[in-house]
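Colleague: here is a sequence together with a model predicted from it:
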Amino acid sequence: MKVSVIIPCYNGEDYIGQTLGSLFDQTRPADEIIVVDDGSEDQSVDIARSFGASVTVLTKENGGAAKARNCGADHSTGDALMFLDADDVLAPDVLEHLIAQLEFNPKGVVACPWYRLDKVGDKWVKRPPSCVPLRDNQDYLSGWITGWYHLPCSILWSRTAYEKTGGWDPRAYVNDDGDLMMRALSSGVELQITDEGASFYRRMPEEKESDSLSGARFTRKGREAQIYVMRKIAQRLEDRGRLYAYRKSFTRALDRFRRLCESHYPDLSNECSELISRYGEPLYLRTARKLINGCRHVINDTHRFLSRVKNRMVSKNKSTDAPNDKNNIEIRYGLDTCRKVLAQAEKAAIVVPSRPDISVILPISNNRASIERSLRSVLEQTFENIEIITALNSTNDSLGKIKKQFGNSRIRYVTGDNLQNMNSFRNRGLMEVKGRFVAFLDPGDEWLPDKLSKQIERFQSSHDRIGLIYSGGEVKAEGGDSSIISPQVRGNGYRKLLQENVIGNCSSVMIRRTVIPSAGFFDDTLSEMAEHDYWLRIARYFEFDFVEEALVINHALPGQNNMAINNDAVNKKTDARTLFLKKHSPAMKREGVDRENFLKSENGQM
């Protein structure tokens with residue numbers, strides 16, 4: 001198993017040496033260490049380079065920790081990934097124990113114990129974790145929602161599990177690590193925890209905390225990010241029909257944020273109340289719980305008072321002159337190695353990571369002629385800084401012929417076992433993208449040469465809240481007849497999409513890569529309506545825009561006019577429509593969308 005450790009760094013000169021030193025001291029060393037410098041203005045890069053060729057130092061303009069981690073993950077080659085902060089410290093046996101545990105859970109995630117590092121005088125000493133304990137009746141996801149967690153420095157991800165998340169979400173800001181894990185757990189990724197090893201998270205002194213990401217959680221932006229994550233995870237669980245089991249947890253979490261926002265951000269407090277009514281427990285259960293909790297508080301306060309009295313009586317009979325050394329264990333892992341390394345002259349090279357602007361996802365079907373037409377239209381694009389991800393089943397026999405015909409370095413061929421439909425092909429591609437933007441092309445369709453250039457030009461002149469840009473298109477039937485489809489909806493398209501699919505199919509669409517951590521992947525259980533579902537989920541968090549010109553030609557598939565095939569398609573769409581309605585009925589009810597109008601619209605399209 002090859003392990004990659006990724007460390008985002010912004011002005012971390014005080015501590016990154018110890019972090020890297022603790023990695024060098026591992027009993028089972030990392031196979032790849034990547035430091036992503038996020039535009040530091042201090043000596044962080046020089047310190048990281050001092051560790052020689054064993055450390056890859058990437059540099060990028062400042063964009064935040066989440067983007068830096070995504071950059072490092074894109075560059076990494078390991079089967080397993082660990083994400084450290086530039087001031088974390090590992091005990092020498094952490095990787096050894098985590099790797100041993102991951103071998104029993106090769107597609108999951110594993111974690112080890114973690115502790116705080118607090119500054120006492122001039123020493124950094126070990127302290128207990130600063131999160132609430134996991135309750136006996138909670139699973140790991142419920143615990144994460146309510147404030148129990150493991151920090152990234154204690155977690156080792158299989159690449160399979162990490163790719164299922166879609167990567168780090170910059171919008172999650174102060175809770176990007178919790179967001180990543182909760183997305184994994186809500187998607188069915190298994191987490192296992194070992195009792196071996198120890199990782200350490202450095203908590204800055206009060207005078208420096210306001211400058212740290214931890215301190216930013218008290219700001220408006222921080223509170224908005226925390227609420228955004230709660231809403232996103234709750235909505236994902238509702239989409240999967242799993243919300244009921246977590247309503248109590250969301251009630252507790254959102255009520256806590258409601259109270260924290262009450263005095264400084266009353267509008268955010270009101271938003272929490274609205275989310276509680278949507279994703280939390282029913283009002284009668286909340287009322288009953290408040291009464292029960294009130295009684296518990298009285299009992300707990302009485303116990304605490306009696307405990308304080310007892311402790312005072314006991315302390316009178318004990319000498320307090322001797323210091324309690326157990327509470328002040330200094331953590332020095334990595335410091336000696338750091339000093340030795342810094343005394344050497346060798347320095348690693350700085351790598352400026354290169355990546356495509358656009359990742360194009362093209363599933364490969366068994367119809368070789370249609371694939372050739374589609375692939376040729378991508379290679380003829382006037383915008384050239386692209387990668388082309390062709391996703392196919394590992395059993396597809398077209399691969400060798402296509403590679404021979406299209407020998408282009410921009411094409412990456414990714415395979416998967418048991419890819420059942422077009423949506424699983426697209427999802428396999430989405431897990432591999434490296435570009436800032438993602439464009440989809442269905443096999444058989446083709447683009448006009450300036451399709452990508454016009455869409456990326458529109459993105460570059462748009463606000464970050466624009467997450468999807470689509471275009472007009474020409475539909476060509478088998479007999480040669482054609483029609484033009486003109487886009488109509490821009491801005492907030494959520495309510496309109498609850499009524500009908502106003503975007504169309506994938507071939508006209510380009511999205512920001514940052515959409516993926518928010519909206520997730522295509523739902524491959526929906527078959528015929530997965531695109532509509534995906535656009536709808538994107539519209540929860542982003543606005544839309546379009547290029548009016550017809551930049552796509554959608555070709556009817558051979559045999560599409562065959563009555564037997566059409567009847568089969570109608571049956572599939574009927575089944576998909578039933579699942580779609582089950583998934584989005586709560587939102588339709590909240591938005592006042594008439595289900596009957598939706599059914600009429602869908603029947604018209606069928």
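Modeller: Structure's in. What do you need?

Colleague: contacts and neighbour counts: CA atoms only from here.
Modeller: OK.

Colleague: surely S377 touches G444?
Modeller: No - judged on C-alpha atoms under 8 Å, S377 makes no contact with G444 at a distance of 10.3 Å.

Colleague: who has more neighbours, those two?
Modeller: G444 (24 against 18; other C-alpha atoms under 10 Å).

Colleague: residue ranges for the helices of the stretch 151-300 of the chain, please.
Modeller: Here the stretch 151-300 of the chain has its helices, by DSSP state H, counting those that start in this stretch, at 159-165, 176-186, 206-209, 220-239, 247-261, 266-279, 283-316.

Colleague: quick one: the fifth one to helix 220-239, angle?
Modeller: What separates the directions of helix 247-261 and helix 220-239 is an angle of 160 degrees, with axes from the mean of the first three to the mean of the last three C-alpha atoms, to 10 degrees.

Colleague: what comes up buried for helix 247-261?
Modeller: Neighbour-count burial for helix 247-261, counted by 16 or more other C-alpha atoms under 10 Å, picks out 247-255, 257-261.

Colleague: counting neighbours, what do you get for the nearest residue to D38 once chain neighbours are set aside?
Modeller: Once flanking residues are discounted, D38 sits nearest to N62: 4.6 Å by C-alpha to C-alpha, 6 or more residues apart in numbering. Number of residues near N62 (other C-alpha under 10 Å) recorded here: 14.

Colleague: equivalent analysis for the one 4 residues further on, please.
Modeller: Summarising burial for A66: neighbours were counted as other C-alpha under 10 Å, giving 20.

Colleague: quick check: it vs D357, distance?
Modeller: According to C-alpha to C-alpha, to the nearest Å, A66 and D357 sit 18 Å apart.

Colleague: what does E190 give?
Modeller: Counting by C-alpha to C-alpha - E190 and D357 are separated by 33 Å.

Colleague: how about I553?
Modeller: 23 Å.

Colleague: tell me which of these two has more neighbours.
Modeller: Taking other C-alpha under 10 Å, I553 and D357 do not tie; I553 has more neighbours (22 against 17).

Colleague: in whatever helix or strand the more buried one lives in, what's buried?
Modeller: I553 is part of strand 543-555 when elements are defined by DSSP states H and E. For strand 543-555, a neighbour-count test (16+ other C-alpha under 10 Å) marks E543, F544, D545, F546, V547, E549, A550, L551, V552, I553, N554, H555 as buried.

Colleague: per the annotation, how does this protein divide into domains?
Modeller: Domain segmentation of the chain under automatic domain parsing yields 3-218, 358-562.

Colleague: still on that earlier bit, for the helix or strand following the strand holding I553, packing partners?
Modeller: Per DSSP H and E, strand 543-555 leads on to helix 563-591 as the next helix or strand towards the C-terminus. If contacts are counted by 3 or more C-alpha pairs under 8 Å, 6 or more residues apart in numbering; DSSP states H and E, helix 563-591 sits against helix 220-239, helix 494-499.

Colleague: the shortest one - what's its average pLDDT?
Modeller: When pLDDT is averaged over helix 494-499, the result is 93.

Colleague: now do stretch 256-271
Modeller: 96.

Colleague: got it, and stretch 372-379?
Modeller: For stretch 372-379, the per-residue pLDDT averages 91.

Colleague: cool, stretch 37-53 as well?
Modeller: Rounded mean pLDDT across stretch 37-53 is 94.

Colleague: export that stretch to PDB, keeping only CA atoms.
Modeller: Coordinates of each C-alpha in stretch 37-53 appear next as PDB, following Å, rounded to 0.1, in the frame of the first residue of the first chain:
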ATOM      1  CA  ASP A  37       2.400  26.100  -0.200                       C
ATOM      2  CA  ASP A  38      -0.700  28.300  -0.400                       C
ATOM      3  CA  GLY A  39       1.100  31.600  -1.100                       C
ATOM      4  CA  SER A  40       3.100  31.900   2.100                       C
ATOM      5  CA  GLU A  41       5.000  35.100   2.800                       C
ATOM      6  CA  ASP A  42       7.400  33.600   5.400                       C
ATOM      7  CA  GLN A  43      10.100  30.900   5.300                       C
ATOM      8  CA  SER A  44       7.700  27.900   5.100                       C
ATOM      9  CA  VAL A  45       8.800  26.900   1.600                       C
ATOM     10  CA  ASP A  46      12.500  27.000   2.500                       C
ATOM     11  CA  ILE A  47      12.000  24.900   5.600                       C
ATOM     12  CA  ALA A  48      10.000  22.300   3.600                       C
ATOM     13  CA  ARG A  49      12.600  22.200   0.900                       C
ATOM     14  CA  SER A  50      15.300  21.600   3.500                       C
ATOM     15  CA  PHE A  51      13.900  18.000   3.900                       C
ATOM     16  CA  GLY A  52      15.200  17.200   0.500                       C
ATOM     17  CA  ALA A  53      13.800  15.100  -2.400                       C
END
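
Colleague: so which bits of that stretch are buried?
Modeller: D37, D38, G39, S40, S44, V45, I47, A48, R49, S50, F51, G52.

Colleague: need these in a markdown table (columns: distance to A587 and secondary structure).
Modeller: Below are the buried residues of stretch 37-53 laid out as a markdown table (distance: C-alpha to C-alpha, whole Å; DSSP: H, G, I helix; E, B strand; the rest coil):
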| residue | distance to A587 | secondary structure |
| --- | --- | --- |
| D37 | 42 | strand |
| D38 | 39 | coil |
| G39 | 42 | coil |
| S40 | 44 | coil |
| S44 | 48 | helix |
| V45 | 48 | helix |
| I47 | 52 | helix |
| A48 | 49 | helix |
| R49 | 52 | helix |
| S50 | 54 | coil |
| F51 | 53 | coil |
| G52 | 54 | helix |
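
Colleague: could I get the residues you listed as JSON lines with distance to D533?
Modeller: Formatted as JSON lines, the buried residues of stretch 37-53 follow (distance: C-alpha to C-alpha, whole Å):
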{"residue": "D37", "distance to D533": "37"}
{"residue": "D38", "distance to D533": "35"}
{"residue": "G39", "distance to D533": "38"}
{"residue": "S40", "distance to D533": "41"}
{"residue": "S44", "distance to D533": "44"}
{"residue": "V45", "distance to D533": "44"}
{"residue": "I47", "distance to D533": "48"}
{"residue": "A48", "distance to D533": "45"}
{"residue": "R49", "distance to D533": "46"}
{"residue": "S50", "distance to D533": "50"}
{"residue": "F51", "distance to D533": "48"}
{"residue": "G52", "distance to D533": "48"}
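
Colleague: tell me the two of the residues you listed that are most distant?
Modeller: G39 and G52 (20.3 Å; C-alpha to C-alpha).

Colleague: that older thread, ranking the helices and strands packed on helix 563-591 by mean pLDDT, which is last?
Modeller: Looking at these, the lowest mean pLDDT belongs to helix 494-499 (a mean of 93).

Colleague: what helices and strands are in contact with the following helix or strand past that one?
Modeller: Counting by DSSP H and E, the next helix or strand C-terminal to helix 494-499 is strand 510-512. When contacts are defined as 3+ C-alpha pairs under 8 Å, 6+ apart, strand 510-512 sits against strand 437-440, strand 466-476.

Colleague: and of these, who's closest to N11?
Modeller: N11 sits nearest to strand 437-440 of all the helices and strands packed on strand 510-512, at 28.6 Å, using C-alpha to C-alpha.

Colleague: the helix or strand following the closest one: how far from the chain's middle?
Modeller: Per DSSP H and E, the first helix or strand lying C-terminal to strand 437-440 is strand 446-447. How far strand 446-447 lies from its chain's middle: 30 Å, per C-alpha atoms, centre = their mean, to the nearest Å.

Colleague: strand 446-447 pairs with which strands, parallel or anti?
Modeller: The pairing partners recorded for strand 446-447 under DSSP bridges are strand 543-555 (antiparallel).

Colleague: for the strand it pairs with, give the mean pLDDT please.
Modeller: 95.

Colleague: just to revisit the earlier point, nearest to N423, out of the helices and strands packed on helix 563-591?
Modeller: For N423, the closest of these is helix 220-239, at 16.9 Å, according to C-alpha to C-alpha.

Colleague: counting contacts, what elements does that closest one pack onto?
Modeller: Secondary elements touching helix 220-239 (3+ C-alpha pairs under 8 Å, 6+ apart): helix 176-186, helix 247-261, helix 266-279, helix 563-591.
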